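Trainee: need coordinates for the below:
(2 chains)
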Amino acid sequence: MKRFLKIAAIAIVAVGLLALGGSYGASYYYTSQLGQGCAGCHEMGGYVSAVHGSLHQKVGCMECHEASMGTKLRHMRVHFLGTPPETIRLRDKDVLAMASNCRKCHQHEYANWHAGPHSATYSQIFADSTHNSKRRMMEDCFRCHGMHFDGSVRDLVQPQNLQGPWHLIRSDLADQPTMPCQTCHQVHKEGTPQAKPATRISVAGTAGNDSLALFDRREKIHFAAASLAIPHLLEGARPVKMNQDARQAICYQCHAPRGSEAGSVAAANHWGPQVGSGDDRTPIGVHEGLSCVSCHFGHNENARASCKTCHPQMSHCGLDVEKMDTTYASASSQHNIHWVKCADCHQHGVPKMKAVAPAKAQVVPTTPGMDG
Amino acid sequence: MQSKNKAVALTRRQFVAAGVLGGAALAVGCKSGNQGNWDFLSDGQARTLAAICDQIVPADEFPSASQAGVLTYIDRQLFRHYRRHRDVYREGLEHANELSRKRFAKDLAEATPAQQLEIVSALEKEERPFFDLVRRHTMEGYYGSPRHGGNRDAVSWRMLGLDEPPVRGRAQYDMRKGATS
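Mentor: Numbers count the residues shown, from 1 in each chain, chains lettered A, B, ... in the order given. Below you'll find the predicted structure:
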């Protein structure tokens, strides 16, 4: 017994000394050049090489990650005394703390994101009485909102009924974003350089921004935008021309169409998912075939400035498209900018093109070629 | 090992016991891990294993085993649930390289695809337990859940025509009207 106590005492002192020395030593490790220190722990090896293979290769780990004394001790405990989890994951607070670190270097993107809809907070999404009195809370919400939250929906908001009043259990999250940068961007690519293919994995879609990826709540990993599906939608029985821009695949995960309602014409005819169902905004009509990102560029997702990139060059009516009768000019217009067709405005037939209208021929700007 | 000097007065048994309970576990834990990119495999072993796996699932219009992260899968499992298979892997990979060096005077990873195929076919005959294990683990990694490191971006599921994650809108039912859909 005495011998056991002696051994135990030595063990305790040894652990204490190591923890103390270790945590100061760790400070050196964590802040050393470009993560070579972090790489000293084999658990981190893959993450270090993943960063080094990315555009962030010149950015040190601690520019993005916080590592308080508590974190360091936690890492050491796992490193020394346990088996590290199969995949190392950030906790919800780590993810949120990090988003403000991204701001240090990406002020422009951060400011736009903050001003736009995708910075919606936990209280805006989960304590919205209009929404909650109609739709019951469920785990599925986390697919599109608050995907980084650790826990079930009951751990986030109460009561779980349609009467309310609703309040967040995790009040620390009230003003925190439900869709931080990490929702759509992956900084560490999965795997290691050796495992990285020489060619792009995806065979579908155009090559996009390498980091663009959706965080999937269920698998708790990112799926590269280029690997996500772009749905095949129909307008009635007609297949719609879908733009294959890989970037917009990410939009479709949340702004998603739905299967046809039971009893609808589409369901009766087995037409398949319809354009404009659910939260879908796939363009048809004059803008059919365009990508969301052709108009909604920039992190505020504001499309106001986009018209000028294609108009007036692509116009038919000889009018300023921004002033025409669409939801762009007035939210109460009957002509949704995503779906408006020539025939919606020209109900008695689309007029002949300017080029063949002699009276208007003079106002058509002449091209250099025509001038000779 | 830091605690060694303090422990001289103890018997060997006591020292080992203290070590296991305390600091020594730390030092050992670190050494057995490796400084490369993998949890269990050395970088060299990983290259050899990649060559074998890629003969089992080569790249066509879809990625090969190693491109789809099968190595990450196997490596993670050898560090955890498949510890018991470590020796088979260690010896099997060593043997595969020996075979390649003997026949082609180069490591398996450096051999041409045709040569690699020849070696892997030889393994299938001569090293059946190792080959079967690698084949099984390759399939698990390629077709299993992406969360375990393989099947990157759910590529094999897409190959089978499944969209993962699926495009699926939120429930739009209005509870006041009674749940219909």
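Trainee: any residue of stretch B:39-57 touching chain A?
Mentor: Yes: using Cβ under 8 Å from any Cβ of the partner chain, we find that stretch B:39-57 touches chain A at B:39, B:43, B:46, B:47, B:50. In this view, the C-beta of every residue, glycine as well, is placed from N, C-alpha and C.
Trainee: low-confidence stretches in the stretch 201-350 of chain A?
Mentor: A:201-209 (pLDDT under 70).
Trainee: to clarify, my last question referred to chain B.
Mentor: Ranges of chain B meeting pLDDT under 70: B:1-36, B:172-181.
Trainee: chain center to stretch B:157-166: distance?
Mentor: Centre-to-centre, stretch B:157-166 and its host chain are 23 Å apart (Cα atoms, centre = their mean, to the nearest Å).
Trainee: picking up where we left off before, which of the residues of stretch B:39-57 next to chain A tops the neighbour count?
Mentor: Counting neighbours by other Cβ atoms under 10 Å in any protein chain shown, residue B:46 comes out on top of the residues of stretch B:39-57 next to chain A with 24 neighbours.
Trainee: which secondary structure element contains residue A:213?
Mentor: strand A:213-216 (DSSP states H and E).
Trainee: show me which residues of the stretch 201-350 of chain A are close to chain B?
Mentor: So the stretch 201-350 of chain A meets chain B at A:201-204, A:214, A:216, A:218-221, A:223-224, A:227-231, A:252-253, A:256-258, A:261-262, A:277-280 (Cβ under 8 Å from any Cβ).
Trainee: list buried residues within the residues you listed.
Mentor: Among those, those classed as buried by 16 or more other Cβ atoms under 10 Å in any protein chain shown are A:201-202, A:214, A:216, A:219, A:221, A:223-224, A:227-231, A:252-253, A:256-258, A:277-280.
Trainee: can you name the residue of chain B nearest to chain A?
Mentor: residue B:169 (2.9 Å; Cβ to the nearest Cβ).
Trainee: just the ones of the residues of stretch B:39-57 next to chain A in helices?
Mentor: Per DSSP state H, helices hold the following members of the residues of stretch B:39-57 next to chain A: B:43, B:46, B:47, B:50.
Trainee: ok, now which ones touch residue A:254?
Mentor: A:144, A:279 (Cβ atoms under 8 Å, 6 or more residues apart in numbering or on different chains).
Trainee: got the phi/psi numbers for it?
Mentor: phi -110, psi -50 (degrees, to the nearest 10).
Trainee: now swap in residue B:83 and tell me
Mentor: Torsion angles, degrees, to the nearest 10, at residue B:83: phi -50, psi -40.
Trainee: neighbouring strands - and their directions - for the helix or strand just after the strand holding residue A:213?
Mentor: Counting by DSSP H and E, the next helix or strand C-terminal to strand A:213-216 is strand A:221-224. Sheet pairing for strand A:221-224, assigned by DSSP bridges, gives strand A:213-216 (antiparallel).
Trainee: centre of the chain versus the partner strand, how much separation?
Mentor: Using Cα atoms, centre = their mean, the offset of strand A:213-216 from its chain centre is 7 Å.
Trainee: circling back: closest one of the ones in helices among the residues of stretch B:39-57 next to chain A to residue A:273?
Mentor: Proximity of these to residue A:273 (Cβ to Cβ) peaks at residue B:50, which lies at 39.9 Å.
Trainee: setting aside sequence neighbours, what's the nearest residue to the closest one?
Mentor: residue B:66 (4.1 Å; Cβ to Cβ, 6 or more residues apart in numbering or on different chains).
Trainee: and the one you found, how far is that from residue B:100?
Mentor: According to Cβ to Cβ, to the nearest Å, residue B:66 stands 17 Å off from residue B:100.
Trainee: between those two, which one's more packed in?
Mentor: Legend: neighbour count by other Cβ under 10 Å for residue B:66 and residue B:100, higher for residue B:66 (27 against 24).
Trainee: quick one: that one is in a helix?
Mentor: No: using DSSP: H, G, I helix; E, B strand; the rest coil, the secondary structure at residue B:66 is coil, not a helix.
Trainee: where exactly do the helices run in the stretch 201-350 of chain A?
Mentor: For the stretch 201-350 of chain A, applying DSSP state H, counting those that start in this stretch gives helices covering A:246-254, A:265-268, A:292-295, A:307-310, A:342-345.
Trainee: dump those helices into CSV; add distance to residue A:68 as well.
Mentor: Shown next, in CSV, are the helices of the stretch 201-350 of chain A (distance: least, Cβ to Cβ, whole Å):
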stretch, distance to residue A:68
helix A:246-254, 32
helix A:265-268, 54
helix A:292-295, 38
helix A:307-310, 46
helix A:342-345, 58
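Trainee: deepest of these, which one?
Mentor: helix A:246-254 (a mean of 23; mean count of other Cβ atoms under 10 Å in any protein chain shown).
Trainee: so what's the residue count around residue B:52?
Mentor: Residues near residue B:52, counting by other Cβ under 10 Å: 24.
Trainee: that one belongs to a helix?
Mentor: Yes: assessed by three-state DSSP, residue B:52 belongs to a helix.
Trainee: which residues touch it?
Mentor: When contacts are counted by Cβ under 8 Å, 6+ apart, residue B:52 touches B:96, B:108, B:116, B:120, B:123, B:134.
Trainee: can you tell me the closest non-neighbouring residue to the second one?
Mentor: Distances taken as Cβ to Cβ, 6+ apart place residue B:100 nearest to residue B:108, at 4.1 Å, with adjacent residues excluded.
Trainee: thinking again about what came up before, now secondary structure too, for the contacts of residue B:52, in TSV please.
Mentor: Shown next, in TSV, are those (three-state DSSP):
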residue	secondary structure
B:96	helix
B:108	helix
B:116	helix
B:120	helix
B:123	helix
B:134	helix
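Trainee: okay if I get the residues you listed as TSV plus neighbour count?
Mentor: Shown next, in TSV, are those (neighbours: other Cβ atoms under 10 Å in any protein chain shown):
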residue	neighbour count
B:96	27
B:108	25
B:116	22
B:120	23
B:123	21
B:134	28
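Trainee: wait, the residue nearest to residue B:50 touches residue B:47, no?
Mentor: No: at 9.4 Å, residue B:66 and residue B:47 do not qualify as touching, with contact defined as Cβ atoms under 8 Å.
Trainee: give me the distance between the residue nearest the centre of chain B and residue B:120.
Mentor: When Cα atoms, centre = their mean is applied to chain B, the residue found nearest the centroid is residue B:74 (1.8 Å). From residue B:74 across to residue B:120, the span is 15 Å (Cβ to Cβ).
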